[in-house]
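J.: any chance you could fold what I've pasted below:
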Amino acid sequence: MKKINILFTILGIVLLSSCEGFLDVKPTNSADASTSITTAADAKVIISGLMSKMVSSNYYGRNFFLYGDAKGGDFAIRSQGRGMDALYVFNHSASSNSFSGYWSQMYHCILQINNLLENIDKIEAAGKGSAALSDYKGQALTARALIYFDLVRLYGKPYNMDNASLGVPLILETLDASAQPTRATVAQVYEQIVTDLTAAAPLMGKTKVLGFLNYYANQAILARVYLNMGNNAAALTAAQAVITSGKYTLYSNANWVSSWSAENGSESIFELGVYLSEADLGTASLGFYLLRSGIQKGAMGWFMASDEFLARLNQDPSDVRWGIMDYDETYTDTGVKRYGSCRKYSGANLTGDKGSMSAVNIKVIRLSEMYLIAAEAAFPTNKQLAADYLKEIRKRSPNLAAPTATNITMQMIKDEKSKELFAEGQRYFDRIRWNESITFNDDFISPAVIITHRDKTIDRTFYKTILPIPKTEIDANPALASQQNPGYAQ
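T.: Numbers count the residues shown, from 1 in each chain. You can find the predicted model right below:
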(Lines give C-alpha, C1' and ligand atoms only; values in the text may rest on other atoms or scores of the structure.)
Protein backbone atom coordinates (compact mmCIF):
# COMPACT_ATOMS: atom_id res chain seq x y z
CA MET A 1 0.00 0.00 0.00
CA LYS A 2 1.51 3.30 -1.06
CA LYS A 3 1.12 6.57 0.72
CA ILE A 4 -1.32 8.83 -1.04
CA ASN A 5 0.47 11.78 -2.58
CA ILE A 6 -2.12 13.14 -4.97
CA LEU A 7 -5.34 14.73 -3.79
CA PHE A 8 -8.38 12.61 -4.39
CA THR A 9 -10.32 15.72 -5.25
CA ILE A 10 -8.84 15.30 -8.71
CA LEU A 11 -11.02 12.21 -8.80
CA GLY A 12 -13.92 14.32 -7.68
CA ILE A 13 -13.38 16.73 -10.58
CA VAL A 14 -13.40 13.86 -13.07
CA LEU A 15 -16.59 12.43 -11.61
CA LEU A 16 -18.54 15.65 -11.29
CA SER A 17 -21.94 15.71 -12.95
CA SER A 18 -24.85 18.08 -13.17
CA CYS A 19 -27.07 15.86 -11.03
CA GLU A 20 -28.22 17.82 -8.04
CA GLY A 21 -27.37 16.58 -4.58
CA PHE A 22 -24.90 13.91 -5.67
CA LEU A 23 -21.75 15.23 -7.33
CA ASP A 24 -22.60 18.90 -7.72
CA VAL A 25 -19.79 20.38 -5.64
CA LYS A 26 -16.35 21.63 -6.64
CA PRO A 27 -13.07 21.27 -4.73
CA THR A 28 -11.45 24.35 -3.26
CA ASN A 29 -8.00 23.39 -4.56
CA SER A 30 -5.95 20.54 -5.95
CA ALA A 31 -2.75 20.68 -3.95
CA ASP A 32 -0.89 17.94 -2.09
CA ALA A 33 -3.14 15.50 -0.24
CA SER A 34 -1.58 16.17 3.14
CA THR A 35 -2.59 19.83 3.11
CA SER A 36 -5.30 20.33 0.51
CA ILE A 37 -8.40 19.19 2.38
CA THR A 38 -9.13 22.29 4.41
CA THR A 39 -12.91 22.72 4.48
CA ALA A 40 -16.15 20.78 4.71
CA ALA A 41 -16.66 21.50 1.00
CA ASP A 42 -13.41 19.66 0.23
CA ALA A 43 -14.53 16.76 2.40
CA LYS A 44 -17.82 16.57 0.50
CA VAL A 45 -15.95 16.23 -2.77
CA ILE A 46 -13.94 13.35 -1.36
CA ILE A 47 -17.07 11.59 -0.09
CA SER A 48 -18.76 12.14 -3.44
CA GLY A 49 -15.80 10.64 -5.29
CA LEU A 50 -15.77 7.72 -2.86
CA MET A 51 -19.42 6.93 -3.53
CA SER A 52 -18.76 6.88 -7.25
CA LYS A 53 -15.83 4.53 -6.68
CA MET A 54 -18.21 2.21 -4.83
CA VAL A 55 -20.31 1.94 -8.00
CA SER A 56 -17.35 0.40 -9.83
CA SER A 57 -18.04 -2.84 -11.71
CA ASN A 58 -15.70 -4.47 -9.19
CA TYR A 59 -17.93 -3.47 -6.31
CA TYR A 60 -21.57 -2.51 -5.91
CA GLY A 61 -21.91 -1.54 -9.56
CA ARG A 62 -22.00 -5.23 -10.52
CA ASN A 63 -19.60 -7.88 -9.26
CA PHE A 64 -20.29 -7.80 -5.54
CA PHE A 65 -24.02 -8.36 -6.03
CA LEU A 66 -23.35 -11.09 -8.58
CA TYR A 67 -21.05 -12.81 -6.08
CA GLY A 68 -23.76 -13.02 -3.45
CA ASP A 69 -26.39 -14.60 -5.68
CA ALA A 70 -24.32 -16.65 -8.15
CA LYS A 71 -22.75 -18.54 -5.25
CA GLY A 72 -25.86 -18.68 -3.09
CA GLY A 73 -28.02 -20.96 -5.19
CA ASP A 74 -30.59 -18.38 -6.29
CA PHE A 75 -28.84 -17.77 -9.62
CA ALA A 76 -27.97 -20.22 -12.35
CA ILE A 77 -25.98 -19.62 -15.52
CA ARG A 78 -27.16 -20.21 -19.06
CA SER A 79 -23.81 -21.55 -20.21
CA GLN A 80 -20.13 -21.31 -19.44
CA GLY A 81 -17.94 -18.84 -21.24
CA ARG A 82 -20.22 -15.82 -21.37
CA GLY A 83 -18.44 -14.07 -18.53
CA MET A 84 -18.44 -14.12 -14.72
CA ASP A 85 -19.42 -17.80 -14.72
CA ALA A 86 -16.31 -18.51 -12.61
CA LEU A 87 -18.34 -17.18 -9.67
CA TYR A 88 -20.97 -19.85 -10.19
CA VAL A 89 -18.58 -22.74 -10.77
CA PHE A 90 -16.07 -21.58 -8.08
CA ASN A 91 -13.20 -21.62 -10.57
CA HIS A 92 -10.80 -19.63 -8.40
CA SER A 93 -7.08 -19.69 -7.81
CA ALA A 94 -4.62 -17.07 -6.61
CA SER A 95 -3.51 -16.40 -10.19
CA SER A 96 -6.62 -17.19 -12.22
CA ASN A 97 -10.15 -15.90 -11.66
CA SER A 98 -9.14 -14.55 -8.27
CA PHE A 99 -11.45 -11.57 -8.82
CA SER A 100 -8.68 -9.36 -7.53
CA GLY A 101 -10.79 -6.34 -8.42
CA TYR A 102 -12.70 -6.77 -5.17
CA TRP A 103 -9.51 -6.43 -3.15
CA SER A 104 -7.96 -3.60 -5.16
CA GLN A 105 -11.12 -1.53 -5.49
CA MET A 106 -12.15 -1.81 -1.86
CA TYR A 107 -8.69 -1.01 -0.54
CA HIS A 108 -8.48 1.91 -2.94
CA CYS A 109 -11.66 3.23 -1.32
CA ILE A 110 -10.24 2.61 2.16
CA LEU A 111 -7.07 4.53 1.33
CA GLN A 112 -9.18 7.43 0.16
CA ILE A 113 -11.15 7.29 3.41
CA ASN A 114 -8.03 7.13 5.58
CA ASN A 115 -6.58 10.15 3.84
CA LEU A 116 -9.78 12.09 4.43
CA LEU A 117 -9.97 11.10 8.09
CA GLU A 118 -6.38 12.15 8.75
CA ASN A 119 -6.99 15.54 7.18
CA ILE A 120 -10.22 16.04 9.12
CA ASP A 121 -8.33 15.27 12.32
CA LYS A 122 -5.80 17.96 11.43
CA ILE A 123 -8.53 20.50 10.77
CA GLU A 124 -10.23 19.69 14.05
CA ALA A 125 -6.93 19.79 15.95
CA ALA A 126 -6.44 23.30 14.60
CA GLY A 127 -9.78 24.33 16.07
CA LYS A 128 -11.49 24.67 12.69
CA GLY A 129 -14.01 21.87 12.95
CA SER A 130 -17.70 22.19 12.16
CA ALA A 131 -20.91 20.18 12.28
CA ALA A 132 -20.69 19.61 8.53
CA LEU A 133 -17.12 18.37 8.80
CA SER A 134 -18.10 16.04 11.64
CA ASP A 135 -20.86 14.62 9.46
CA TYR A 136 -18.41 13.79 6.67
CA LYS A 137 -16.12 12.21 9.23
CA GLY A 138 -19.02 10.03 10.33
CA GLN A 139 -19.76 9.11 6.74
CA ALA A 140 -16.13 8.20 6.14
CA LEU A 141 -16.00 5.97 9.22
CA THR A 142 -19.29 4.33 8.26
CA ALA A 143 -18.12 3.70 4.71
CA ARG A 144 -14.88 2.19 5.98
CA ALA A 145 -16.84 -0.12 8.24
CA LEU A 146 -19.10 -1.23 5.38
CA ILE A 147 -16.15 -1.90 3.08
CA TYR A 148 -14.31 -3.92 5.72
CA PHE A 149 -17.51 -5.86 6.38
CA ASP A 150 -17.66 -6.78 2.70
CA LEU A 151 -13.95 -7.58 2.53
CA VAL A 152 -13.92 -9.86 5.55
CA ARG A 153 -16.87 -11.84 4.21
CA LEU A 154 -15.12 -12.33 0.87
CA TYR A 155 -11.74 -13.40 2.26
CA GLY A 156 -12.45 -14.62 5.79
CA LYS A 157 -14.49 -17.45 7.25
CA PRO A 158 -17.92 -16.68 8.73
CA TYR A 159 -17.72 -15.10 12.17
CA ASN A 160 -19.73 -17.93 13.72
CA MET A 161 -17.52 -20.57 12.10
CA ASP A 162 -13.99 -19.53 13.09
CA ASN A 163 -13.47 -15.91 14.03
CA ALA A 164 -9.91 -16.60 15.16
CA SER A 165 -8.94 -17.40 11.55
CA LEU A 166 -7.44 -14.81 9.24
CA GLY A 167 -9.56 -12.02 7.84
CA VAL A 168 -8.01 -9.11 5.93
CA PRO A 169 -5.34 -6.47 6.67
CA LEU A 170 -6.67 -3.62 8.79
CA ILE A 171 -5.36 -0.43 7.21
CA LEU A 172 -6.44 2.51 9.35
CA GLU A 173 -3.93 5.12 8.21
CA THR A 174 -2.04 6.07 5.07
CA LEU A 175 1.07 3.91 4.71
CA ASP A 176 4.55 4.29 3.29
CA ALA A 177 5.46 2.33 0.18
CA SER A 178 7.66 0.02 2.27
CA ALA A 179 4.83 -1.08 4.55
CA GLN A 180 3.79 -4.72 4.40
CA PRO A 181 0.58 -5.06 6.42
CA THR A 182 -0.53 -8.56 7.37
CA ARG A 183 -3.97 -10.01 7.90
CA ALA A 184 -5.90 -9.43 11.11
CA THR A 185 -8.20 -12.11 12.43
CA VAL A 186 -11.88 -12.18 11.52
CA ALA A 187 -12.70 -11.19 15.11
CA GLN A 188 -10.32 -8.22 14.99
CA VAL A 189 -11.80 -6.97 11.73
CA TYR A 190 -15.34 -7.18 13.11
CA GLU A 191 -14.22 -5.40 16.27
CA GLN A 192 -12.87 -2.54 14.15
CA ILE A 193 -16.08 -2.44 12.10
CA VAL A 194 -18.16 -2.03 15.25
CA THR A 195 -15.71 0.55 16.60
CA ASP A 196 -15.97 2.64 13.43
CA LEU A 197 -19.76 2.44 13.30
CA THR A 198 -20.11 3.30 16.98
CA ALA A 199 -17.76 6.27 16.70
CA ALA A 200 -19.49 7.52 13.56
CA ALA A 201 -23.12 7.38 14.72
CA PRO A 202 -23.22 10.51 16.95
CA LEU A 203 -21.46 12.54 14.25
CA MET A 204 -23.98 11.90 11.52
CA GLY A 205 -27.08 13.75 10.44
CA LYS A 206 -30.46 12.07 10.06
CA THR A 207 -31.49 13.69 6.80
CA LYS A 208 -31.77 11.38 3.81
CA VAL A 209 -29.61 12.53 0.87
CA LEU A 210 -29.19 10.46 -2.29
CA GLY A 211 -25.69 9.10 -2.68
CA PHE A 212 -24.61 9.84 0.89
CA LEU A 213 -24.70 7.98 4.19
CA ASN A 214 -26.67 9.16 7.21
CA TYR A 215 -27.27 8.04 10.79
CA TYR A 216 -29.88 5.48 9.78
CA ALA A 217 -27.64 3.96 7.13
CA ASN A 218 -25.05 3.61 9.88
CA GLN A 219 -27.56 1.77 12.07
CA ALA A 220 -28.67 -0.42 9.18
CA ILE A 221 -25.09 -1.50 8.53
CA LEU A 222 -24.65 -2.10 12.26
CA ALA A 223 -27.73 -4.35 12.20
CA ARG A 224 -26.19 -6.38 9.38
CA VAL A 225 -22.89 -6.68 11.21
CA TYR A 226 -24.36 -7.72 14.55
CA LEU A 227 -26.57 -10.31 12.84
CA ASN A 228 -23.47 -11.83 11.23
CA MET A 229 -21.78 -11.86 14.62
CA GLY A 230 -24.71 -13.70 16.17
CA ASN A 231 -25.50 -10.79 18.50
CA ASN A 232 -29.25 -10.90 17.96
CA ALA A 233 -30.15 -8.41 20.68
CA ALA A 234 -27.87 -5.73 19.26
CA ALA A 235 -28.97 -6.48 15.69
CA LEU A 236 -32.60 -6.07 16.71
CA THR A 237 -31.93 -2.78 18.48
CA ALA A 238 -30.12 -1.34 15.45
CA ALA A 239 -32.78 -2.50 12.99
CA GLN A 240 -35.53 -1.08 15.18
CA ALA A 241 -33.77 2.29 15.27
CA VAL A 242 -34.30 2.47 11.51
CA ILE A 243 -37.79 0.97 11.43
CA THR A 244 -39.22 3.25 14.11
CA SER A 245 -37.49 6.42 12.89
CA GLY A 246 -40.36 7.46 10.65
CA LYS A 247 -37.86 8.39 7.94
CA TYR A 248 -38.63 5.41 5.71
CA THR A 249 -41.76 3.48 4.75
CA LEU A 250 -42.29 0.13 3.09
CA TYR A 251 -43.61 0.15 -0.45
CA SER A 252 -47.19 -0.92 -0.85
CA ASN A 253 -47.87 -3.97 -3.01
CA ALA A 254 -49.14 -1.63 -5.70
CA ASN A 255 -45.88 0.34 -5.70
CA TRP A 256 -43.27 -2.36 -5.16
CA VAL A 257 -42.60 -3.10 -8.84
CA SER A 258 -42.58 0.54 -9.94
CA SER A 259 -40.12 1.37 -7.14
CA TRP A 260 -37.38 -0.23 -9.26
CA SER A 261 -38.01 2.39 -11.93
CA ALA A 262 -37.65 5.29 -9.50
CA GLU A 263 -34.66 6.65 -7.61
CA ASN A 264 -34.37 7.34 -3.89
CA GLY A 265 -37.73 5.88 -2.96
CA SER A 266 -39.26 5.59 0.48
CA GLU A 267 -37.45 2.31 1.28
CA SER A 268 -33.97 3.39 0.23
CA ILE A 269 -31.68 3.77 3.23
CA PHE A 270 -28.46 3.85 1.22
CA GLU A 271 -28.66 4.26 -2.55
CA LEU A 272 -25.75 4.95 -4.88
CA GLY A 273 -26.38 7.23 -7.85
CA VAL A 274 -25.69 6.12 -11.42
CA TYR A 275 -26.20 8.61 -14.22
CA LEU A 276 -25.90 8.66 -18.00
CA SER A 277 -22.79 10.80 -17.81
CA GLU A 278 -21.33 9.30 -14.66
CA ALA A 279 -20.83 5.74 -13.38
CA ASP A 280 -23.00 4.23 -16.15
CA LEU A 281 -21.49 0.85 -17.07
CA GLY A 282 -23.66 0.40 -20.16
CA THR A 283 -23.74 -3.18 -21.41
CA ALA A 284 -21.36 -4.11 -18.57
CA SER A 285 -23.90 -3.00 -15.95
CA LEU A 286 -25.57 -5.25 -13.42
CA GLY A 287 -28.90 -4.79 -15.17
CA PHE A 288 -27.56 -6.02 -18.50
CA TYR A 289 -25.99 -9.09 -16.90
CA LEU A 290 -29.43 -10.18 -15.69
CA LEU A 291 -31.33 -9.66 -18.96
CA ARG A 292 -31.96 -12.50 -21.37
CA SER A 293 -29.87 -12.68 -24.49
CA GLY A 294 -31.42 -10.86 -27.43
CA ILE A 295 -33.78 -8.60 -25.54
CA GLN A 296 -31.39 -5.67 -26.03
CA LYS A 297 -28.14 -5.27 -27.95
CA GLY A 298 -25.33 -6.28 -25.60
CA ALA A 299 -27.45 -8.43 -23.30
CA MET A 300 -26.20 -12.01 -23.25
CA GLY A 301 -28.13 -13.77 -20.51
CA TRP A 302 -25.24 -14.20 -18.09
CA PHE A 303 -27.37 -15.12 -15.07
CA MET A 304 -30.96 -16.13 -14.42
CA ALA A 305 -32.96 -17.42 -11.49
CA SER A 306 -32.48 -21.01 -10.42
CA ASP A 307 -35.34 -23.50 -10.31
CA GLU A 308 -35.10 -23.44 -6.52
CA PHE A 309 -35.66 -19.70 -6.36
CA LEU A 310 -38.55 -19.78 -8.81
CA ALA A 311 -40.23 -22.56 -6.81
CA ARG A 312 -39.84 -20.43 -3.69
CA LEU A 313 -41.36 -17.38 -5.38
CA ASN A 314 -44.13 -19.59 -6.76
CA GLN A 315 -45.31 -20.41 -3.26
CA ASP A 316 -47.75 -17.68 -4.20
CA PRO A 317 -48.30 -17.10 -7.94
CA SER A 318 -49.80 -13.72 -7.00
CA ASP A 319 -46.63 -12.56 -5.24
CA VAL A 320 -46.08 -8.95 -6.34
CA ARG A 321 -42.38 -9.66 -6.83
CA TRP A 322 -43.16 -11.64 -9.97
CA GLY A 323 -43.68 -8.22 -11.53
CA ILE A 324 -39.96 -7.57 -11.72
CA MET A 325 -39.25 -10.91 -13.42
CA ASP A 326 -39.23 -11.54 -17.18
CA TYR A 327 -39.01 -14.73 -19.19
CA ASP A 328 -35.49 -15.95 -19.81
CA GLU A 329 -33.53 -17.42 -22.69
CA THR A 330 -34.72 -20.99 -22.15
CA TYR A 331 -37.83 -19.99 -24.09
CA THR A 332 -35.86 -20.57 -27.29
CA ASP A 333 -35.31 -24.22 -26.26
CA THR A 334 -38.65 -25.17 -24.78
CA GLY A 335 -41.21 -22.67 -26.01
CA VAL A 336 -42.21 -22.25 -22.37
CA LYS A 337 -41.78 -18.87 -20.73
CA ARG A 338 -39.70 -19.48 -17.63
CA TYR A 339 -39.59 -16.21 -15.69
CA GLY A 340 -35.98 -16.26 -14.51
CA SER A 341 -34.75 -12.92 -15.83
CA CYS A 342 -34.57 -10.11 -13.26
CA ARG A 343 -35.27 -6.47 -14.12
CA LYS A 344 -34.46 -4.87 -10.79
CA TYR A 345 -31.53 -2.99 -12.32
CA SER A 346 -33.03 -2.16 -15.70
CA GLY A 347 -36.48 -1.07 -14.55
CA ALA A 348 -39.71 -2.99 -14.79
CA ASN A 349 -40.32 -1.57 -18.27
CA LEU A 350 -36.64 -1.64 -19.31
CA THR A 351 -36.40 2.12 -18.94
CA GLY A 352 -34.43 2.20 -15.70
CA ASP A 353 -34.99 5.13 -13.36
CA LYS A 354 -33.73 7.77 -15.79
CA GLY A 355 -34.92 6.48 -19.14
CA SER A 356 -31.89 4.24 -19.55
CA MET A 357 -31.60 0.49 -19.08
CA SER A 358 -28.15 0.77 -17.55
CA ALA A 359 -27.97 4.11 -15.73
CA VAL A 360 -29.88 2.77 -12.74
CA ASN A 361 -29.15 3.58 -9.10
CA ILE A 362 -27.88 0.78 -6.89
CA LYS A 363 -30.00 0.24 -3.80
CA VAL A 364 -27.44 -1.01 -1.28
CA ILE A 365 -29.69 -1.08 1.81
CA ARG A 366 -33.49 -1.07 1.87
CA LEU A 367 -35.97 -0.85 4.71
CA SER A 368 -37.41 -4.27 3.96
CA GLU A 369 -34.08 -5.80 4.94
CA MET A 370 -34.35 -4.17 8.36
CA TYR A 371 -37.72 -5.88 8.92
CA LEU A 372 -36.19 -9.20 7.92
CA ILE A 373 -33.18 -8.68 10.18
CA ALA A 374 -35.51 -7.75 13.04
CA ALA A 375 -37.59 -10.88 12.43
CA GLU A 376 -34.53 -13.15 12.41
CA ALA A 377 -32.96 -11.50 15.43
CA ALA A 378 -36.18 -11.67 17.45
CA PHE A 379 -37.06 -15.23 16.45
CA PRO A 380 -35.08 -17.19 19.10
CA THR A 381 -36.60 -15.33 22.05
CA ASN A 382 -39.76 -13.55 20.91
CA LYS A 383 -41.80 -15.39 18.27
CA GLN A 384 -44.59 -12.82 18.37
CA LEU A 385 -42.27 -9.93 17.65
CA ALA A 386 -40.58 -11.92 14.88
CA ALA A 387 -43.98 -12.66 13.34
CA ASP A 388 -44.99 -9.01 13.54
CA TYR A 389 -41.95 -7.93 11.56
CA LEU A 390 -42.10 -10.78 9.06
CA LYS A 391 -45.76 -10.31 8.22
CA GLU A 392 -45.10 -6.80 6.92
CA ILE A 393 -42.85 -8.24 4.22
CA ARG A 394 -44.87 -11.42 3.70
CA LYS A 395 -47.82 -9.22 2.67
CA ARG A 396 -46.12 -9.16 -0.72
CA SER A 397 -47.34 -12.75 -1.04
CA PRO A 398 -51.05 -12.00 -0.47
CA ASN A 399 -52.19 -15.63 -0.67
CA LEU A 400 -49.79 -16.93 1.95
CA ALA A 401 -50.96 -17.20 5.54
CA ALA A 402 -49.74 -14.41 7.77
CA PRO A 403 -47.08 -15.51 10.25
CA THR A 404 -48.09 -15.77 13.88
CA ALA A 405 -46.29 -16.60 17.10
CA THR A 406 -47.41 -20.22 16.73
CA ASN A 407 -46.73 -20.87 13.04
CA ILE A 408 -43.60 -18.81 12.31
CA THR A 409 -40.48 -20.79 11.48
CA MET A 410 -36.93 -19.82 10.69
CA GLN A 411 -37.44 -21.29 7.22
CA MET A 412 -40.23 -18.78 6.60
CA ILE A 413 -37.84 -15.94 7.42
CA LYS A 414 -35.14 -17.41 5.19
CA ASP A 415 -37.55 -17.89 2.28
CA GLU A 416 -38.90 -14.36 2.59
CA LYS A 417 -35.42 -12.88 2.64
CA SER A 418 -34.53 -14.80 -0.52
CA LYS A 419 -37.66 -13.58 -2.33
CA GLU A 420 -37.37 -9.97 -1.22
CA LEU A 421 -33.63 -9.48 -1.71
CA PHE A 422 -33.15 -11.55 -4.86
CA ALA A 423 -30.24 -10.21 -6.95
CA GLU A 424 -29.17 -7.86 -4.15
CA GLY A 425 -26.04 -9.78 -3.18
CA GLN A 426 -27.16 -11.25 0.13
CA ARG A 427 -28.10 -14.89 -0.38
CA TYR A 428 -24.68 -16.58 -0.30
CA PHE A 429 -23.47 -14.75 2.77
CA ASP A 430 -26.67 -15.65 4.58
CA ARG A 431 -26.50 -19.33 3.69
CA ILE A 432 -22.91 -19.83 4.82
CA ARG A 433 -23.73 -17.86 7.97
CA TRP A 434 -26.67 -20.22 8.55
CA ASN A 435 -24.31 -23.17 7.92
CA GLU A 436 -26.53 -24.51 5.13
CA SER A 437 -25.59 -26.82 2.30
CA ILE A 438 -26.00 -25.21 -1.11
CA THR A 439 -27.15 -27.33 -4.05
CA PHE A 440 -26.68 -25.77 -7.46
CA ASN A 441 -29.12 -25.92 -10.36
CA ASP A 442 -26.52 -27.40 -12.73
CA ASP A 443 -29.01 -29.54 -14.68
CA PHE A 444 -30.64 -26.34 -15.87
CA ILE A 445 -27.59 -25.27 -17.93
CA SER A 446 -27.99 -25.81 -21.66
CA PRO A 447 -26.05 -27.11 -23.41
CA ALA A 448 -24.86 -29.31 -20.56
CA VAL A 449 -21.46 -28.46 -19.12
CA ILE A 450 -19.08 -30.34 -16.90
CA ILE A 451 -18.33 -28.46 -13.69
CA THR A 452 -15.04 -29.59 -12.20
CA HIS A 453 -14.23 -26.89 -9.67
CA ARG A 454 -16.90 -27.74 -7.11
CA ASP A 455 -19.42 -30.47 -6.34
CA LYS A 456 -23.10 -30.04 -7.09
CA THR A 457 -23.67 -29.55 -3.35
CA ILE A 458 -21.23 -27.70 -1.12
CA ASP A 459 -21.13 -26.38 2.42
CA ARG A 460 -18.96 -23.86 4.17
CA THR A 461 -16.18 -26.37 4.85
CA PHE A 462 -15.34 -26.23 1.13
CA TYR A 463 -12.20 -24.11 0.92
CA LYS A 464 -13.41 -22.13 -2.07
CA THR A 465 -16.30 -20.64 -0.14
CA ILE A 466 -13.86 -17.78 0.47
CA LEU A 467 -11.65 -16.21 -2.16
CA PRO A 468 -7.87 -16.57 -2.44
CA ILE A 469 -5.63 -13.63 -1.71
CA PRO A 470 -4.75 -12.52 -5.27
CA LYS A 471 -1.23 -13.38 -6.42
CA THR A 472 -0.76 -9.78 -7.53
CA GLU A 473 -1.28 -8.63 -3.94
CA ILE A 474 1.11 -11.24 -2.56
CA ASP A 475 3.73 -10.22 -5.12
CA ALA A 476 3.33 -6.60 -4.03
CA ASN A 477 3.29 -7.49 -0.34
CA PRO A 478 5.33 -10.68 0.33
CA ALA A 479 4.28 -10.61 4.00
CA LEU A 480 0.97 -12.07 2.82
CA ALA A 481 2.60 -15.10 1.21
CA SER A 482 2.42 -17.20 4.37
CA GLN A 483 -1.16 -16.05 4.98
CA GLN A 484 -2.85 -17.39 1.86
CA ASN A 485 -6.23 -18.96 2.53
CA PRO A 486 -6.01 -22.73 3.11
CA GLY A 487 -6.42 -24.90 0.02
CA TYR A 488 -5.09 -22.36 -2.47
CA ALA A 489 -1.63 -23.04 -3.85
CA GLN A 490 1.05 -20.60 -2.75
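J.: quick check: Trp103 vs Arg396, distance?
T.: In this view, Trp103 and Arg396 are 36 Å apart by CB to CB, to the nearest Å. Yep, even glycine has a C-beta here, placed from its N, CA and C like the rest.
J.: how about Asn160?
T.: 29 Å.
J.: looking at those two, which is more packed in?
T.: A direct count of neighbours by other CB atoms under 10 Å for Asn160 and Arg396 places Arg396 higher, at 22 against 15.
J.: in space, what's closest to the more buried one - neighbours in sequence excluded?
T.: Val320 (4.9 Å; CB to CB, 6 or more residues apart in numbering).
J.: thought the one you found was touching Trp256?
T.: Yes - between Val320 and Trp256 a contact is recorded at 4.9 Å, counting by CB atoms under 8 Å.
J.: quick one: which of the two has more around it?
T.: Trp256 (22 against 18).
J.: do you have the helices of the stretch 1-150 of the chain handy? List them.
T.: Using DSSP state H, counting those that start in this stretch, the helices of the stretch 1-150 of the chain run over residues 9-15, 33-36, 40-53, 63-70, 85-89, 100-125, 131-155.
J.: ok, now the stretch 151-300 of the chain?
T.: 159-162, 186-200, 215-229, 232-243, 253-256, 286-289.
J.: please name whichever of the ones you listed is nearest to Gly81.
T.: helix 286-289 (14.4 Å; CB to CB).
J.: from the middle of its chain, how far away would the closest one be?
T.: 15 Å (CA atoms, centre = their mean, to the nearest Å).
J.: for stretch 221-239, same thing?
T.: 16 Å.
J.: out of the helices of the stretch 151-300 of the chain, which is closest to Ser358?
T.: Here helix 286-289 is closest among the helices of the stretch 151-300 of the chain (CB to CB), at 5.7 Å.
J.: show me what the closest one is packed up against.
T.: Contacts defined by 3 or more CB pairs under 8 Å, 6 or more residues apart in numbering; DSSP states H and E place helix 286-289 against helix 63-70.
J.: determine the set of other helices and strands touching the helix it packs on.
T.: strand 75-77, helix 85-89, helix 100-125, helix 286-289, strand 303-305, helix 427-433.
J.: following the fifth one, which helix or strand comes up?
T.: Later in the chain than strand 303-305, the nearest helix or strand by DSSP states H and E is helix 307-313.
J.: so what touches the helix or strand following that next one?
T.: Using DSSP H and E, the helix or strand that directly follows helix 307-313 along the chain is strand 325-326. Taking contacts as CB atoms under 8 Å, 6 or more residues apart in numbering, the residues outside strand 325-326 that touch it are 291-292, 295, 305, 313, 339-343.
J.: same check on stretch 399-417?
T.: With CB under 8 Å, 6+ apart as the criterion, stretch 399-417 contacts 312, 315-318, 369, 372, 375-376, 379, 383-384, 386-387, 390-391, 393-395, 426, 430, 434.
J.: buried subset of those?
T.: 312, 316, 369, 372, 375-376, 379, 383, 386-387, 390-391, 393-394, 426, 430 (16 or more other CB atoms under 10 Å).
J.: helices - which of these land there?
T.: Residues of the buried ones among the contacts of stretch 399-417 located in helices (DSSP state H): 312, 369, 372, 375-376, 383, 386-387, 390-391, 393-394, 430.
J.: coming back round to it: looking at the buried ones among the contacts of stretch 399-417, spot the one nearest Gln219.
T.: Of the buried ones among the contacts of stretch 399-417, the one sitting nearest to Gln219 (CB to CB) turns out to be Glu369, at 12.1 Å.
J.: wait, that closest one touches Leu421, no?
T.: Yes - between Glu369 and Leu421 a contact is recorded at 6.3 Å, counting by CB under 8 Å.
J.: picking that back up, which members of the ones in helices among the buried ones among the contacts of stretch 399-417 are the farthest-apart pair?
T.: Pairwise across those, and taking CB to CB, the largest span is found between Arg312 and Lys383, at 22.1 Å.
J.: look at the closest residue in space to Lys71 that isn't next to it in sequence and report its pLDDT.
T.: When the adjacent residues along the chain are set aside, Lys71 lies closest to Tyr428, with 4.1 Å between them (CB to CB, 6+ apart). At Tyr428, the predicted lDDT confidence score is 98.
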